[in-house]
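Asker: give me a model of this one.
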Amino acid sequence: MMETEEIQSFLCGLPFMLDLPESLKQRVGTIFVDISSEETIEADTELFREGDTRSQDGYIVLSGSVKVEKSYAKSSTAFAPVLLGEVKQFNPSSQRTATVSAREDIDVLHFDWTNFNDAVSARLDVIDQDVLRRALLGYAWLHLLN
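Answerer: You can find the predicted model right below:
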């Protein structure tokens, strides 16, 4: 298990966080830490199934890699650090766009996207919310297209 400071530093290195102002990075990192649980997920465990509309689970992979399978593209591998589940948040049909499973034992922060969005609304002003949502949308587009 990582220390809170290590997780905060790790979160600031996520691709969607890189262009955020430093103070916003710290506040978003704190939100993730506050609403998440650190877990180890065993190899071959499925995190999401393409087409699912019910699950609001989100993950930040802290170590290891996941297999990403899409019905419309070749399978790929995503390596830590990676945020998972954000595409569904911007998909008008609210469907998962990929099946994602652990390739090996992975360490993650596991959270609920509804809790994340509620915390963002409660803790960030409207301008920072917009900056964060734009960064997440750009990140989601990259995942959707790859």
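Asker: report the separation between residue 6 and residue 26.
Answerer: From residue 6 across to residue 26, the span is 14 Å (C-beta to C-beta, to the nearest Å). All C-beta atoms are positioned from the backbone trio N, CA, C, and that covers glycine.
Asker: correct me, but residue 17 touches residue 25?
Answerer: Yes. Between residue 17 and residue 25 a contact is recorded at 5.2 Å, counting by C-beta atoms under 8 Å.
Asker: shared neighbours, the two?
Answerer: residue 11 (C-beta atoms under 8 Å, 6 or more residues apart in numbering).
Asker: list the helices and strands the helix or strand bottoming out on mean pLDDT in the chain packs on?
Answerer: Within the chain, no helix or strand scores below helix 86-90, which has a mean of 80 by mean pLDDT, DSSP states H and E. Contact analysis of helix 86-90 by 3 or more C-beta pairs under 8 Å, 6 or more residues apart in numbering; DSSP states H and E lists helix 113-123, helix 126-145 as its packing neighbours.
Asker: quick one, which of the ones you listed gets closest to residue 106.
Answerer: Residue 106 lies closest to helix 126-145 among the helices and strands packed on helix 86-90, at 17.1 Å (C-beta to C-beta).
Asker: please consider this matter closed, and thank you.
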